[in-house]
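S.K.: This is the structure alone, sequence omitted:
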Ligand code: HEM
């Protein structure tokens, strides 16, 4: 017969909170228990996020995704679950506001040089979503074993996971495969190609002050040399197309997936910001236990660690619905596609 306590293996889970200040010879610091439990709760949720990513990356790792099958819908659903978890993690940081800076000082030195910086699961979530080591703020810190960086084993695991395809790569490939712009779907389109028309419409939509945006448009979607974006111009053209025509039912799931990725970035950045302001209050200008400059480092990471910034930037290039070119019938007919 199953018993609650055993099913959840609570003997293990509840025997994992051992505040260092409670050890013999130390002055017990009441708030260290909260500090440990809050971190552990974060780690459990990071585990769940990774579990959802296993499924999502499994689907996007396939060579073909049937847009009409349940897979993409489940991807959408599970991305939204990740968003909900991130919302919760944003709220959870406020629990630490019940610990004052003086309370923290009572046990802070016992932690050194460990730090949330070393959360392997957090780094894996970032890496799997698409953050690469070369994009990371102060990437040399990661290698500082014994000084707040990672153990060699953890660093190697992070490097191995990074070497694989991340979700940003996978979504990029999926978008590149979208068949919207195949010549056969546009045979009856009355004017120049869609993009010629759209460029004109976009230029007309810009105010005088925004006129320079037409250059950004070109460098985003039709760059002369190497793209300045993380995603490819082909993928970004498909993504913009989906955003423009999202009211067609067949685009709904794809649109919601793109939107969910932008929202994940939004909540991750929200968390980084909340953590930063909490840290400022808790330690002021002190260095972190993990040996970074503290709040200064966190500000840099907040500014740099956006992953889906190209997708978020697409709003720059939208025009009003009623001005959109009408899509050719052949395309609409074929919009139940396999990618
Ligand atoms: C009293 C509470 C906390 C303080 C004072 C604090 C302080 C810091 C500081 C100063 C850093 C920069 C690295 C360093 O030099 O140590 C950092 C990084 C980090 N902390 Fe915290 N932290 C606290 C709570 C938490 C909690 C509850 C989590 C949840 C897992 C967390 C996760 C992280 C992560 C993931 C980083 C790396 C951020 C990045 O690189 O973008 N921290 N923390």
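M.R.: Good, I have the coordinates. Source: prediction; values computed, not measured. Numbering: from 1, shown residues only.
S.K.: Mind listing what's buried along the lengthiest helix in the chain?
M.R.: Counting residues, the longest helix found in the chain (DSSP state H) is helix 252-283. Neighbour-count burial for helix 252-283, counted by 16 or more other Cβ atoms under 10 Å, picks out 253-265, 267-268, 270-272, 274-276, 278-279, 282-283. From N, CA and C alone the C-beta is placed, and that goes for glycine too.
S.K.: And for stretch 163-175?
M.R.: In stretch 163-175, counting by 16+ other Cβ under 10 Å, buried: 166, 167, 168, 169, 170, 171, 172, 173, 174, 175.
S.K.: With distance to the ligand, pLDDT and secondary structure as new columns, can those be given to me in a markdown table?
M.R.: A markdown table is the format used below for the buried residues of stretch 163-175 (distance: Cβ to the nearest ligand atom, whole Å; pLDDT from 0 to 100; DSSP: H, G, I helix; E, B strand; the rest coil):
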| residue | distance to the ligand | pLDDT | secondary structure |
| --- | --- | --- | --- |
| 166 | 17 | 98 | coil |
| 167 | 18 | 98 | helix |
| 168 | 17 | 98 | helix |
| 169 | 21 | 98 | helix |
| 170 | 23 | 98 | helix |
| 171 | 22 | 98 | helix |
| 172 | 24 | 98 | helix |
| 173 | 27 | 97 | helix |
| 174 | 28 | 96 | helix |
| 175 | 27 | 97 | helix |
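S.K.: Looking at those residues, which is nearest residue 230?
M.R.: Nearest to residue 230 among those: residue 168, at 6.6 Å, using Cβ to Cβ.
S.K.: From residue 195, how far out is the closest one?
M.R.: 24 Å (Cβ to Cβ, to the nearest Å).
S.K.: And for residue 224?
M.R.: From residue 224 to residue 195 the distance is 15 Å (Cβ to Cβ).
S.K.: cool, residue 292 as well?
M.R.: Distance from residue 292 to residue 195, by Cβ to Cβ: 45 Å.
S.K.: Between those two, which is the more surrounded one?
M.R.: residue 292 (21 against 15; other Cβ atoms under 10 Å).
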